[in-house]
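Trainee: predicted coordinates and the sequence they were generated for:
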Amino acid sequence: MDKFVTKQETYEKELEDNEIIPQKKNNENSPNNVQTSNVAIIDNEKQNNLEENEKMNNLLTNNIYDPSQWENIDTKLRDLLVEKGPIRDNDLNFPIDKDRRHFSTTFYFKKLSNGEKFDRRWLVYSKDLDKAFCFCCKLFNSTTHGSGTNQLTIEGTNDWRNISNKIKNHEPIKEHVTNMNAWIDLEMRLLKNKTIDKNFQEQLTKRKIIGKKCC
């Protein structure tokens, strides 16, 4: 009798265990769990969006268009800066250093042999740092380091005594030319996309107007 009871109890326990396991599996795949998973994904997306917006707000507050802010450049920021283009304030009173020298807007232009002036669009001035930078090399992460001629790329320069030579030496280097081409290429693509979007919006507007007239 005892043996029968023991076997019966064992059998019933096995039945209970077999019912519990599928129930756990079903609970794991239940709509509530799926909903919880979806909520977690949405929360993560919201958090990422909040962090992205906070980052952009901080940049805007700190004058996003000043080279001093171009440390961690992602695709969105680079596209924005390229679309806006180099910002120049020609009415600034540039600070004077201990040698009575300062930045000048004349550095923005290269005088050609025929007397004409060529605009160095790539040269920008940081009001926050009182330094000159290369717009395209700063944005496109040039690999140049160290030498004085390439200070325009990394940390900027305020060596106003030698700025003319630094500019002349920077213009022909391979990295600068490569970054200039990358800048122009992105600028053209952004302009093209903007034109396409504008034409698309105009076509939609025309279709809506025609649809209203037909009705």
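Mentor: Nice, I can see it. Bear in mind the structure is a predicted one, so any value in this text is a computation, not a measurement.
Trainee: low-confidence ranges in the chain?
Mentor: Scanning the chain for pLDDT under 70 picks out the ranges 1-62, 141-149, 195-215.
Trainee: let's see 50
Mentor: Flagging of the chain using pLDDT under 50 yields the residue ranges 1-5, 11, 20-24, 59, 143-149.
Trainee: and the residue nearest to residue 103 when sequence neighbours are not counted, how many neighbours?
Mentor: The shortest distance from residue 103 to any non-neighbouring residue, by Cβ to Cβ, 6 or more residues apart in numbering, is to residue 94 (4.5 Å). Bear in mind the C-beta positions are built from the backbone N, C-alpha and C, glycine included. For residue 94, the count of nearby residues is 14 (other Cβ atoms under 10 Å).
Trainee: could you do residue 83 as well?
Mentor: Per other Cβ under 10 Å, the neighbour tally for residue 83 reads 13.
Trainee: would you agree it is in contact with residue 190?
Mentor: Yes: using Cβ atoms under 8 Å, residue 83 is in contact with residue 190, at 5.0 Å.
Trainee: hang on, the earlier thing: correct me if wrong: the residue nearest to residue 103 contacts residue 102.
Mentor: Yes: between residue 94 and residue 102 there is a contact under Cβ under 8 Å: 4.1 Å.
Trainee: secondary structure element holding residue 97?
Mentor: Secondary-structure assignment from DSSP states H and E places residue 97 in no helical or strand segment.
Trainee: rewinding a little: show me the contacts for the residue nearest to residue 103.
Mentor: In this structure, residue 94 makes contact with 102, 103, 104, 125, 130, judged by Cβ atoms under 8 Å, 6 or more residues apart in numbering.
Trainee: then residue 190?
Mentor: Taking Cβ under 8 Å, 6+ apart as the test, what residue 190 contacts is 79, 82, 83.
Trainee: how about the first one, nearest residue that isn't a chain neighbour?
Mentor: What that stands for is residue 79. Residue 79 sits nearest to residue 190 (Cβ to Cβ, 6+ apart), 6.3 Å away.
Trainee: quick one: the strands in this protein?
Mentor: With strands called from DSSP state E, the chain shows them at 109-111, 117-119, 123-126, 131-134.
Trainee: what's the closest of those strands to residue 167?
Mentor: strand 123-126 (6.7 Å; Cβ to Cβ).
Trainee: show me what that closest one is packed against.
Mentor: strand 131-134 (3 or more Cβ pairs under 8 Å, 6 or more residues apart in numbering; DSSP states H and E).
Trainee: all set, thanks.
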